[in-house]
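Visitor: Return atomic coordinates for the entry below.
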Amino acid sequence: MQASEKVVLGEDDVRRALTRIAHEILERNPGDPAPALVGIHRRGAFLARRLQALLGEQLDVDVMLGDLDIGFYRDDVATRPDAPVLHASHIDFDISGLTVVIVDDVLFTGRTVRAAIEALFDYGRPARVQLAVLADRGHRELPIRPDYVGKNLPTARGEHVHVRVRELDGVDEVAIATPEPLGGLHMNHLLSIEELDRAAIERIVTQAERFAEVSDREIKKVPALRGRMVLNLFYEASTRTRSSFELAAKRLSADVVNFAASGSSVEKGESLKDTVLTLSAHKPDAIVLRTPWGRRIRARLALVPGSDRQRGRRQARAPHAGAARRLHPAPPPRRQSTARRSGSSEMSPIRASRARTSWPSSGWAPASPSPARRR
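Guide: This is a model prediction of the structure:
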């Protein structure tokens, strides 16, 4: 524990607060069925599990319990400097017609609770939604009020409230601390695994595993990028990369515009500058680039009208989607053709030139010559 922290609730205080909340839930929700509990990841899920045990002892029934991740439902997910920490949601019962108590550790601005309510309604239409928090620190930005509060904590807006639970932190306590810098994975591009350390690799894999839970839902979407536009600008042929970016943007509820150089005005001689100016009419929030020219293409984004902050729009993000010629595995070496001149074993200059041709390592190679051309 740092010297700047002040513990305001100890282990006994946390236990008494949860016991009081459990009794208040029973008083406000008499009758059958018992209210269901849904904890917000991360520590809210552990607190909900403890409340389930306390309610089960009083009612002598199994209280329905679920946990909810609100990472992709936050209204600041597109503007946060660090990526949201994701956890899989588990609500294995129908919440329609039930009283659902959302459980969280700290109530601050109210935006987390708003996101939780939106996420909850993806699983059904509950009869009532109530809110239980261990600590309420004030500074609300939305008209949200808790139904059950363990402790009201007067705090300065710049202070941090740390809730620790023994299941995760080894101790039960609530402390107030001065601000600390938050770490995160800050990058626009991921062109090679060599750019990452072990912690960054593990974080990406963990995020992918948690986001896979969305694919198992009946509605395979979360509103993280709702109202945003993603432009996929591909100057190279691609299957996995393009489909992956397109599917990811659509799962995040973004509007997607796909551009491929093949079949566009680029084949008629349109310059990169004109292409960027034309596509800027869509006013994209993110441009996913796939080119054989590396990151130099990002300089062209300065040509997009209104992309500077002085004109009222923040600049579009431009992640680079890689270069197939540099990163894809090279194709197997082609069999060199031999000259079949009578009385000579040497190759003709034209055939030698064709044999030395180095095709792009993107997996593409010209079709075999037709039988008519083999003569």
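
Visitor: And the helices in the chain?
Guide: Here the chain has its helices, by DSSP state H, at 11-28, 43-59, 111-120, 166-169, 198-211, 240-251, 272-279, 324-327, 349-355, 371-374.

Visitor: Same list (those) but as TSV, adding distance to A286 and mean pLDDT.
Guide: The way it works is simple: take the backbone N, C-alpha and C, and place the C-beta from them, glycine included. As requested, those are exported to TSV (distance: least, CB to CB, whole Å; pLDDT from 0 to 100):
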stretch	distance to A286	mean pLDDT
helix 11-28	42	95
helix 43-59	31	94
helix 111-120	21	93
helix 166-169	34	92
helix 198-211	17	78
helix 240-251	8	84
helix 272-279	12	74
helix 324-327	21	54
helix 349-355	42	43
helix 371-374	46	44
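
Visitor: of those helices, which approaches I95 most closely?
Guide: I95 sits nearest to helix 111-120 of all the helices of the chain, at 7.0 Å, using CB to CB.

Visitor: Tabulate the CA atom coordinates of that closest one in PDB.
Guide: Only the C-alpha atoms of helix 111-120 are listed here, as PDB (Å, rounded to 0.1, in the frame of the first residue of the first chain):
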ATOM      1  CA  ARG A 111     -21.300   6.200 -16.800                       C
ATOM      2  CA  THR A 112     -20.400   2.700 -15.900                       C
ATOM      3  CA  VAL A 113     -23.900   2.000 -14.600                       C
ATOM      4  CA  ARG A 114     -25.400   3.500 -17.800                       C
ATOM      5  CA  ALA A 115     -23.300   1.200 -19.900                       C
ATOM      6  CA  ALA A 116     -24.200  -1.800 -17.700                       C
ATOM      7  CA  ILE A 117     -27.900  -1.100 -18.100                       C
ATOM      8  CA  GLU A 118     -27.500  -0.900 -21.900                       C
ATOM      9  CA  ALA A 119     -25.600  -4.200 -21.900                       C
ATOM     10  CA  LEU A 120     -28.100  -5.800 -19.600                       C
END
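
Visitor: helices or strands up against that helix?
Guide: Packing contacts for helix 111-120, counted by 3 or more CB pairs under 8 Å, 6 or more residues apart in numbering; DSSP states H and E, involve strand 36-40, strand 65-68, strand 99-107, strand 128-136.

Visitor: can you pull the buried residues of that helix?
Guide: For helix 111-120, the neighbour count (16 or more other CB atoms under 10 Å) marks 111-117, 119-120 as buried.

Visitor: what do you get for stretch 277-294?
Guide: 279-280, 284-291.

Visitor: Same question for stretch 39-55.
Guide: 39-41, 43-52, 54-55.

Visitor: Need the pLDDT of V214.
Guide: What the model reports as pLDDT for V214 is 74.

Visitor: just D94 next, same as before
Guide: As predicted, D94 sits at a pLDDT of 92.

Visitor: That one and L55: what is the separation?
Guide: As for D94, its distance to L55 is 19 Å (criterion: CB to CB, to the nearest Å).

Visitor: next one: K250
Guide: K250 is 40 Å from L55, by CB to CB.

Visitor: Contacts only, for E218.
Guide: By CB atoms under 8 Å, 6 or more residues apart in numbering, E218 lies in contact with nothing.

Visitor: picking that back up, any chance of the helices of the chain in JSON lines, plus distance to L231?
Guide: What follows is the helices of the chain, written out as JSON lines (distance: least, CB to CB, whole Å):
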{"stretch": "helix 11-28", "distance to L231": "48"}
{"stretch": "helix 43-59", "distance to L231": "37"}
{"stretch": "helix 111-120", "distance to L231": "27"}
{"stretch": "helix 166-169", "distance to L231": "40"}
{"stretch": "helix 198-211", "distance to L231": "22"}
{"stretch": "helix 240-251", "distance to L231": "10"}
{"stretch": "helix 272-279", "distance to L231": "6"}
{"stretch": "helix 324-327", "distance to L231": "19"}
{"stretch": "helix 349-355", "distance to L231": "39"}
{"stretch": "helix 371-374", "distance to L231": "41"}
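
Visitor: Nearest to A156, out of those helices?
Guide: Across the helices of the chain, A156 has its closest neighbour in helix 111-120 (18.7 Å, CB to CB).

Visitor: Give the ranges of residues in this protein that sit below the confidence cut-off.
Guide: In the predicted model of the chain, residues 1-3, 76-86, 179-192, 210, 292-375 satisfy pLDDT under 70.

Visitor: Report the spatially closest residue to V61, excluding sequence-adjacent ones.
Guide: A34 (6.0 Å; CB to CB, 6 or more residues apart in numbering).

Visitor: Hmm, that neighbour is touching L55, no?
Guide: Yes: taking contacts as CB atoms under 8 Å, A34 lies within contact range of L55: 6.5 Å.

Visitor: Quick check: neighbours shared by those two?
Guide: Common contacts of A34 and L55 (CB under 8 Å, 6+ apart): V63.

Visitor: residues touching D75, list them.
Guide: 111, 114-115.

Visitor: Dump those into JSON lines; add distance to R28 as well.
Guide: Shown next, in JSON lines, are the contacts of D75 (distance: CB to CB, whole Å):
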{"residue": "R111", "distance to R28": "25"}
{"residue": "R114", "distance to R28": "22"}
{"residue": "A115", "distance to R28": "24"}
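
Visitor: Could you measure from L26 over to V149?
Guide: 16 Å.
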